[in-house]
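**Q** sequence first, then the predicted structure, then my questions.
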Amino acid sequence: GGMFNYESNPSVTNCNFEGNIAANGGGGGMSNRMSSPDLIECEFNQNDAELGGGMYNYDGSSPVLETCIFTSNSASALGGGIYNRFFSEPSLLACYFEGNTAVHGGGGMFSSSLSNTTIMGCDFINNSATAEGSIGGGIGNSNSSPTLTNCTLTDNTASDDGGGLYCTVGSQVILANCT
């Protein structure tokens, strides 16, 4: 959609990714494959993709996001804000997710296939997983183990399980000082 990183580690500061589309793939705003970019104060707004409306991280990508904002992004499958897949381990500090949607799971964020996220001081507000049987309105995990510290999950919805947080199949979540 907006930016594709392959085996690269760019630094991106104060940038807006808005209204981008990845029609048949992942990462409407940004897609990272075997890449670990540093993003500071970036905004992802109204981007659309099948996987990861705002951002798609896969094949061992470990981006670092600091004070980034994800609003009104959408995914026709998983991860409205962000989708992490295949050993990707992003770190998020003081990021904000609001009004993101995914049809099947992870309105705010979805992680699968041993993608363990570190999430500190982040807010997940009013994100949703919309289809019948969908999971994880705020955050969804399948065979991935997130660590959340000082985070809030508020008014997120899923049509089936885990309005705020959903973990399944080998996921081991660590929560500390979360609301």
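**A** Thanks, I have it. Residues are numbered from 1 along each chain as shown.

**Q** worst-scoring helix or strand of this protein, pLDDT-wise?
**A** strand 21-26 (a mean of 92; mean pLDDT, DSSP states H and E).

**Q** residues in contact with it?
**A** 1, 28, 31, 47-52, 56, 58, 83 (C-beta atoms under 8 Å, 6 or more residues apart in numbering). Any C-beta I mention is one placed from the backbone N, CA and C, and that applies to glycine too.

**Q** among these, which ones are in strands?
**A** Using DSSP state E, the subset of the contacts of strand 21-26 located in strands is 31, 48-51, 56, 58, 83.

**Q** what residues are up against the closest residue to L165 other than its chain neighbours?
**A** In this structure, L165 finds its nearest non-sequential neighbour in I139, 5.0 Å apart by C-beta to C-beta, 6 or more residues apart in numbering. By C-beta under 8 Å, 6+ apart, the residues touching I139 are 106, 108-111, 119, 124, 146, 148, 153, 164-166.

**Q** how about TSV for those residues, with distance to S35, pLDDT and secondary structure added?
**A** Putting the contacts of I139 into TSV (distance: C-beta to C-beta, whole Å; pLDDT from 0 to 100; DSSP: H, G, I helix; E, B strand; the rest coil) gives the following:
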residue	distance to S35	pLDDT	secondary structure
G106	21	97	coil
G108	22	98	coil
M109	18	98	strand
F110	19	98	strand
S111	17	97	strand
I119	20	98	strand
F124	24	98	strand
P146	20	96	coil
L148	24	98	strand
L153	28	98	strand
G164	29	97	coil
L165	27	97	strand
Y166	27	96	strand
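
**Q** closest one of these to T67?
**A** Proximity of these to T67 (C-beta to C-beta) peaks at I119, which lies at 13.3 Å.

**Q** what's the neighbour count on that closest one?
**A** Using other C-beta atoms under 10 Å, I119 has 24 neighbouring residues.

**Q** show me what the residue positioned nearest the centre of the chain is bridged to.
**A** Closest to where the C-alpha atoms of the chain average out (C-alpha atoms, centre = their mean) is I82, at 2.2 Å. The partner list for I82 in beta bridges (DSSP bridges) reads M55, M109.

**Q** that one against G107, yeah?
**A** No. At 10.6 Å, I82 and G107 do not qualify as touching, with contact defined as C-beta atoms under 8 Å.

**Q** got the buried residues for the least confident helix or strand of the chain?
**A** Buried residues in strand 21-26, counted by 16 or more other C-beta atoms under 10 Å: 22, 26.
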